[in-house]
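> test case, fold it:
(2 chains)
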2 protein chains.
Amino acid sequence: METGHITGPELIIDREKCLGNIARMSAKTADNNLIFRPHFKTHQSLTVARWFRDCGVDKITVSSLRMAYYFASDGWDDILVGIAYNPREYSFYERLSEKCSLQATVSCPASAAILAGQCRFPLEVMIKIDTGYDRSGIRWDDTSSLRSCLDYLAGNSKIRVRGLMTHDGSSYGLNSKEAVAAQHKRSVNRIISCRDNSGRPEIMISTGDTPSASLADDFEGIDELRPGNFIFYDLMQYLIGACHFDEIAAALLCPVIDIRPGSDTVVIHGGAVHLSKDSILIDGKRVYGMLAGINSGGWYRLPQNIYLSSLSQEHGIIDCSGTDLGSTARVGDLIAVIPVHSCLSADCMGGYMSTDGEVAGHMKQPAHEIFSLL
Amino acid sequence: METGHITGPELIIDREKCLGNIARMSAKTADNNLIFRPHFKTHQSLTVARWFRDCGVDKITVSSLRMAYYFASDGWDDILVGIAYNPREYSFYERLSEKCSLQATVSCPASAAILAGQCRFPLEVMIKIDTGYDRSGIRWDDTSSLRSCLDYLAGNSKIRVRGLMTHDGSSYGLNSKEAVAAQHKRSVNRIISCRDNSGRPEIMISTGDTPSASLADDFEGIDELRPGNFIFYDLMQYLIGACHFDEIAAALLCPVIDIRPGSDTVVIHGGAVHLSKDSILIDGKRVYGMLAGINSGGWYRLPQNIYLSSLSQEHGIIDCSGTDLGSTARVGDLIAVIPVHSCLSADCMGGYMSTDGEVAGHMKQPAHEIFSLL
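From the prediction side, this is the model:
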């Protein structure tokens, strides 16, 4: 790819790889008779969203109400807000519901009671189920809380419960197709048993995490899939085995700014404000990104694994030990870094450039006017 | 403070505490005959910058050239770019040098050679010295590299070497005034020995980290101080002992979105995209923020320590074990979180609201037009 115009840290996305990732996931959901409702929290970009639209996607998930406004401003009109309902945002939910088909999420009886008490407009609701990740939602075996939720929501005729949803992030800690598939199966069985005990056999089931969506083959009993990260993938997904290296569609290009003679490190302009502080342990060492080579087509897998070993606000430190990078790198060279977590790197950067030079926007560009977009 | 208008995660800054932090550091530098060149990478805000200006500050440090453009657009005209020179940004350095008094930083002989070869405009340069932090810069005992740098720079008559600078972040791992002061002394002695060996006794010395600037009393031999974090402080600085709790001037207000009956956790809307993934170990447990109480004046220290025990993209999990928070919190309540690292939280949020309702901007609001501001 052409890099002469790149001066500082720049998050590059590969449109062709993104389109491939969309096409594969889209085909997989179609083959399994699943509603495809990709999570747009990863890219947070109207440009990337249009790539999905061009592939026939018309239903989306977002991780905040602000994000729902952002995408609604570009005509998206079937939006699930995946984070649990926040009653302080009631009037913003109401306003958005007049513009698009909006689904809210409740995650506990208290939240259901408040929403049922407030809601004066037609609203579809998903109930979040915790199938073992232990983050948010009603535990799969807590039938009493689920029934309380359903009872509260049934008390408001404006509300229609659409289904049960889970995001079982436990899969992020695994590293084989078999382990992810087994974890997925356990999670699916739990949310199905949840519905079986709910007294509402007609409501649908939605699951989401990218490792399961990428690696599992058995989606029996599920109605909807909501993966997000797969649009870019990243180092974490690659290590889980959820993607091939050639499917990773985002890399941060960073200039070398400091060569340290006699040291095993090279310093780049590329730090926590570009990559986020998300990290992963590899062979007992904390890693903040992996280097890739740059060629005319984009980036490629280096023969040796070279990692970012530490980050501060603007600086990244490359551990070059056992490689010749310390002697071959030059100040001003560009280094491609595969982020540990592309969602957070995208959020930090607030924008992209594609390998062919197109600029793609991000929600964080106009963050302060999000609520006035409509 | 009034919170009725706060709907989602909002980074609140306390103007009075900020002004107190500025006044204390300003007085300390004046008492020690130091040039005060605060680092604006923490707040990245024209509003907060004006608070500094109102206190008589007219020299600043920034951590990227983009940030230099941002502040220059509001009339700041004595700016040190603290990150090492990136030759890809040459023309942007040149353009900015026509608008303000600009200082660049070089961190290795290679960087000095490139800058000396490129520079066709008058430019002051600082040389970065590594006094033990092992991140970037010439090692304090590497006289040969320092002299190479000076020789390269002397070969370009447009360049004037202003001095040597260090940022010794080792102090961030300490937790007492004595330890920080001893570390500071060692760092200062090292950079002074560096100058002694440079053959350039007239050049100045600049040091920077907030723990040392806050806790050390002996600044003998230093000419300039560049702390940044002290404007807000945060949980990390509080645990180091660099500030009192009442000096922490930034907190993230987050709504409770999920009460988990029978669990020791409460879920807030407030995650990695608001606080960053920066964390700290307390009693062997990883912590992503500490809760504070909210009152009419702002926030206050709770009688019990309650921490955020995990973060995902938008969710924060509060560990309520041993407290009554799990039974007293209500969905929709606001929780104040003291960030582990206020610089990164500010960068994630891209804007502030003050305790008295004023909105303060941040560089990341107009990030994509930074270079067209001038």
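> need the strands for the stretch 51-200 of chain A, in chain order.
A:60-62, A:78-84, A:101-106, A:123-130, A:138-139, A:159-165 (DSSP state E, counting those that start in this stretch).
> so which of these is the most surrounded?
strand A:60-62 (a mean of 26; mean count of other Cβ atoms under 10 Å in any protein chain shown). C-beta: built from backbone N, CA, C; applies to glycine.
> so what touches that strand?
The contact list for strand A:60-62, computed with Cβ atoms under 8 Å, 6 or more residues apart in numbering or on different chains, reads A:37-41, A:49, A:52, A:68, A:70-71, A:76, A:78-82, A:208, A:226, A:228.
> tell me the mean pLDDT for that strand?
Mean pLDDT, strand A:60-62: 98.
> can you check stretch A:190-199 too?
96.
> how about that stretch: buried residues?
A:190-192, A:194-195, A:198 (16 or more other Cβ atoms under 10 Å in any protein chain shown).
> next one: stretch A:164-180
A:164-172, A:174, A:177, A:179-180.
> in the stretch 151-300 of chain A, what residue spans correspond to helices?
For the stretch 151-300 of chain A, the helices defined by DSSP state H, counting those that start in this stretch cover A:177-198, A:210-215, A:235-240, A:272-275.
> how near is A:Thr47 to B:Tyr307?
38 Å (Cβ to Cβ, to the nearest Å).
> by mean pLDDT, flag the weakest helix or strand of chain A.
strand A:359-360 (a mean of 84; mean pLDDT, DSSP states H and E).
> and that strand, how far out from the chain's middle?
Remark: strand A:359-360 is offset 19 Å from the chain centroid, using Cα atoms, centre = their mean, to the nearest Å.
> enumerate every residue touching the residue lying closest to A:Cys254 once chain neighbours are set aside.
Nearest non-adjacent residue to A:Cys254, counting by Cβ to Cβ, 6 or more residues apart in numbering or on different chains: A:Gly270, 3.3 Å away. Taking Cβ under 8 Å, 6+ apart as the criterion, A:Gly270 is in contact with A:9, A:252, A:254, A:289, A:308, A:314-316, A:335, A:337.
> any idea how far A:Gly270 is from chain B?
11 Å (Cβ to the nearest Cβ, to the nearest Å).
> quick check: residues of the stretch 101-250 of chain A near chain B?
Taking Cβ under 8 Å from any Cβ of the partner chain as the contact definition, the stretch 101-250 of chain A meets chain B at A:107-111, A:114, A:128, A:134-137, A:142, A:145, A:169.
> narrow the residues you listed to those in helices?
Those of those mapping onto helices are A:109-111, A:114, A:145, per DSSP state H.
> of those residues, which is the most crowded?
Greatest neighbour count in these, by other Cβ atoms under 10 Å in any protein chain shown, goes to A:Ser111: 29 neighbours.
> give me the number of residues near the nearest residue to that residue once chain neighbours are set aside?
Once flanking residues are discounted, A:Ser111 sits nearest to B:Val331: 4.8 Å by Cβ to Cβ, 6+ apart. Residues contacting B:Val331 under the criterion other Cβ under 10 Å number 26.
> bridging residues for A:Ile60?
A:Ile79 (DSSP bridges).
> residues in contact with A:Gln103?
A:79-81, A:123-126, A:162.
> wait, doesn't A:Trp140 sit right on A:Thr131?
Yes. Counting by Cβ atoms under 8 Å, A:Trp140 touches A:Thr131, with 5.0 Å between them.
> find residues that contact each of the two.
Overlap of the contact sets of A:Trp140 and A:Thr131 (by Cβ under 8 Å, 6+ apart) consists of A:166, A:190-191.
> distance to A:Leu19 for these - can I get that in TSV?
Output for those, formatted as TSV (distance: Cβ to Cβ, whole Å):
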residue	distance to A:Leu19
A:Thr166	28
A:Arg190	34
A:Ile191	31
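> closest to B:Thr323 out of those?
Using Cβ to Cβ, A:Thr166 comes nearest to B:Thr323 of the shared contacts of A:Trp140 and A:Thr131, at 28.1 Å.
> if I look at the closest one, how far off is B:Asp58?
56 Å.
> over to A:Ile294?
42 Å.
> how about A:Asn86: what's its closest non-neighbour residue?
B:Pro255 (4.7 Å).
> any idea what that neighbour is bridged to?
B:Leu334.
> hang on, isn't it packed against B:Leu334?
Yes. With contact defined as Cβ under 8 Å, B:Pro255 counts as touching B:Leu334 (5.9 Å).
> so these two - more neighbours on which side?
Legend: neighbour count by other Cβ under 10 Å for B:Pro255 and B:Leu334, higher for B:Pro255 (23 against 18).
> count the neighbours of A:Leu302 for me.
15.
> so what's it up against?
Contacts of A:Leu302 by Cβ under 8 Å, 6+ apart are A:291-293.
> could you pick out which of these are near chain B?
Okay, of the contacts of A:Leu302, nothing touches chain B (Cβ under 8 Å from any Cβ).
> any of these buried? List them.
Among the contacts of A:Leu302, those buried by neighbour count (16+ other Cβ under 10 Å) are A:291-292.
> for the contacts of A:Leu302, which one is nearest B:Tyr238?
Distances from B:Tyr238 to the contacts of A:Leu302, taken by Cβ to Cβ, are shortest for A:Leu291, at 36.0 Å.
> for chain B, see how far away that closest one is.
A:Leu291 is 18 Å from chain B, by Cβ to the nearest Cβ.
> wait, what's in contact with that residue?
Per Cβ under 8 Å, 6+ apart, neighbours of A:Leu291: A:302, A:306-308, A:318, A:325, A:335-338.
> identify the bridge partners of it.
A:Val337.
> do you know how far it is from A:Ile338?
For A:Leu291, the distance to A:Ile338 - Cβ to Cβ - is 8 Å.
> for the stretch 251-374 of chain A, which spans come out with low pLDDT?
Low-confidence segments of the stretch 251-374 of chain A (pLDDT under 70): A:366-374.
> close to chain B: what parts of it are there?
A:255, A:257-262, A:265, A:267, A:269, A:272-273, A:276-279, A:310, A:312-315, A:317, A:330-332, A:334, A:343-344, A:347-348, A:350-351, A:359, A:361, A:364-365, A:367-368.
> what subset of those is buried?
Buried among those (16+ other Cβ under 10 Å): A:255, A:257-260, A:265, A:267, A:269, A:272-273, A:276-279, A:310, A:312-315, A:317, A:331-332, A:334, A:343-344, A:347-348, A:350-351, A:361, A:364-365, A:367.
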